[in-house]
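>>> show me how the following folds:
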Amino acid sequence: MESSHSGLDQKNSAVACSVDGCRDRFESKRGARIHFRYHAEEEKRAALLAAVSELNTELGRPPTAGEMDELGQFSVTTYQNYFSSWADALRATGFEPHRNRDLTKADLVQNIHDIQNEIGRVPTAQDIVKSGKHSIRTYIERFGSWNQALRESGYTPNAVQDVNEDDLLCEIKRLHEVIGHIPSAVDMDDRGRFSSVTYWSKLGSWNQAVRLAGFEPQQTVRDSWNQYYGPDWTSRREQIFQRDNHACRACGLTRSSAVEDLHVHHIRPAREFVSEEEVNYEDMNASSNLITLCRSCHMKFEGLWGNASPEEFTRRARTRLD
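This is a model prediction of the structure:
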C-alpha cells in the first residue's frame, strides 16, 4: 500500500506537457521543455498564447513581461523566440501591450529614474528585466542601445566593455553552486549579476560562455538565443536608416516626425538564422533582409513576405495600405 501511494504521489507531481491534447508527463520541467520543442509550430504557439490568456484571467488584465516571467508557465524569452517580442505575443493573443500605447522616450526615462530611486544606484539592463514597466527591447528600439538610454536619462552607462571575462565566468560558476545545476541564459537573467546579453556580446554566445566556465551547455544556441542581433547591430541599424532616408518604406513616416523611433525590420525573421549550433549574423543583418518601418507598419506586416527583397516588400506593403 505504501509503495502504491508513493507511486501515486510521484505521478501527481509529474510535469504535464502544456500543449492541449498532449497527455505526456515528465519528471522535471526541463524534460517537459525539451519535449515541448518537438511539437508542431502551431501547437507550440497555441500553448504559449493559452498561457497568456490564463494569466490574464488570474490577474484581471494582460500580464506584463515581468509578471509572465514570475508567474507564467513560460519565460518571456520563450515568447521572444516564437513571436519576436513580448508585445507581439500579447497582440497575437488579442491584448494591447501593457503601457505601450503612446509611449514616449520621456516615459522610459522616468521609469529609469523610478528604478534608480527604488534601488539606490544606476539601474542595469538586468534591473529593467526584473523590475521595469517596459521591456529592455523597448529601450533598445527607442534609444538604439541600453547605454544610450542611460545617457539620455543623465546617468553614466554601464560599460559592458569594461566587464572582465573572468568575472563573467566566475558568475556562471557561482550561479551553478547556488541553483545546483548548470545555469541557462534565463537563469542568468533571473538570478545573475549580469545580463545574458553581456555574455553574447563579450563571448559570442551563452553556450560558449558556459564552455569557457568549464561546463557542458544544457541548451542549444537556438534555446538560449535572446534576440541579440550581434555586436555591430546599433551601427547596422543606423546604416539602414540612412539607406532608407530615415523614413518608413511603407507609409513614408519620417524619423523626425515619428512619436516613436522607427524600427529596422528583419524581413526573414531573425530567429530563422539561429541554428542549434550558431547564429548567422551576416545573413541575418544583410541589407537585403532589412527594411525601415514605423511601429504601426511593423505591426501590420510582421511575418509577411519573408522571401521578399526590400523593394518587393515595399511594393507589397504600399499596395496593402492603398
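
>>> and the longest helix for this structure?
Ranked by number of residues, the top helix in the chain under DSSP state H is helix 41-59.

>>> list the buried residues of the following helix or strand past that helix.
Beyond helix 41-59 on the C-terminal side, the first helix or strand identified by DSSP states H and E is helix 65-71. Neighbour-count burial for helix 65-71 flags 65-69 (criterion: 16 or more other Cβ atoms under 10 Å). (Glycine included, C-beta is placed from N, CA and C.)

>>> same question for stretch 171-181.
171-172, 175-176.

>>> same question, stretch 300-307
For stretch 300-307, the neighbour count (16+ other Cβ under 10 Å) marks 301-302 as buried.

>>> what's it in contact with?
84, 88, 250, 265, 267-269, 272, 293, 312-313, 316-317, 320 (Cβ atoms under 8 Å, 6 or more residues apart in numbering).

>>> let's go with 10 Å and repeat that
Applying Cβ atoms under 10 Å, 6 or more residues apart in numbering, the contact partners of stretch 300-307 are 83-85, 88, 91-92, 250-251, 263, 265-269, 272, 289, 291, 293-294, 312-313, 315-317, 320-321.

>>> so which of those residues are in strands?
Within the contacts of stretch 300-307, residues falling in strands by DSSP state E are 263, 265-266, 291, 293.

>>> and of those residues, the nearest to P217?
Distance to P217, by Cβ to Cβ, is smallest for H266 among the ones in strands among the contacts of stretch 300-307, at 25.3 Å.

>>> so how far is T314 from the closest one?
15 Å (Cβ to Cβ, to the nearest Å).

>>> and what of G154?
Separation of G154 from T314 (Cβ to Cβ): 39 Å.

>>> cool, and S205?
Taken as Cβ to Cβ, the spacing of S205 relative to T314 amounts to 33 Å.

>>> of those two, which one has the most company?
The residue with more neighbours, out of S205 and T314, is S205; 21 against 18, by other Cβ atoms under 10 Å.

>>> not counting sequence-adjacent ones, nearest residue to the more buried one?
Once flanking residues are discounted, S205 sits nearest to V221: 5.7 Å by Cβ to Cβ, 6 or more residues apart in numbering.

>>> that neighbour contacts E277, correct?
Yes. Between V221 and E277 there is a contact at 5.8 Å, judged by Cβ atoms under 10 Å.

>>> name the residues contacting each of the two.
Residues touching both V221 and E277 comprise 205, 207, with contact defined as Cβ under 10 Å, 6+ apart.

>>> neighbours of S288, how many?
S288: 12 neighbours (other Cβ under 10 Å).

>>> and it, what does it touch?
By Cβ under 10 Å, 6+ apart, S288 lies in contact with 267-268, 308-311.

>>> among those, the buried ones, what's the ChimeraX command?
The ChimeraX command for the buried members of those (criterion: 16+ other Cβ under 10 Å) is given here:
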select :267,268,308,310
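
>>> adding pLDDT, write the contacts of S288 out as CSV.
Output for those, formatted as CSV (pLDDT from 0 to 100):
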residue, pLDDT
I267, 95
R268, 93
A308, 95
S309, 95
P310, 96
E311, 96
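
>>> and of the contacts of S288, the nearest to F26?
Proximity of the contacts of S288 to F26 was ranked by Cβ to Cβ; the top entry is R268 with 33.5 Å.

>>> residues touching A149, list them.
Contacts here follow Cβ under 10 Å, 6+ apart; on that basis A149 touches 105, 108-109, 111-112, 123, 125, 128, 136, 138-140, 142-143, 155, 157.

>>> same thing with S296?
248, 250-251, 253, 258, 260, 263.

>>> so which of those residues sits lowest on pLDDT?
Per-residue confidence across the contacts of S296 is lowest for E260, with 77 (pLDDT).

>>> and for it, the neighbour number?
Neighbour tally, E260, other Cβ under 10 Å: 17.

>>> so it sits right up against R142, yeah?
Yes. At 6.6 Å, E260 counts as touching R142 under the criterion of Cβ under 10 Å.

>>> more neighbours: V221 and E277, which one.
Regarding V221 and E277, a neighbour count based on other Cβ under 10 Å identifies V221 as having more, with 18 against 10.

>>> all strands of the stretch 1-150 of the chain, in order?
Ranges of strands in the stretch 1-150 of the chain, per DSSP state E, counting those that start in this stretch, are 15-16, 25-26.

>>> now do the helices in the stretch 151-300 of the chain.
Remark: helices assigned in the stretch 151-300 of the chain by DSSP state H, counting those that start in this stretch are 165-179, 185-191, 196-203, 206-212, 221-224, 233-243, 281-284, 295-301.
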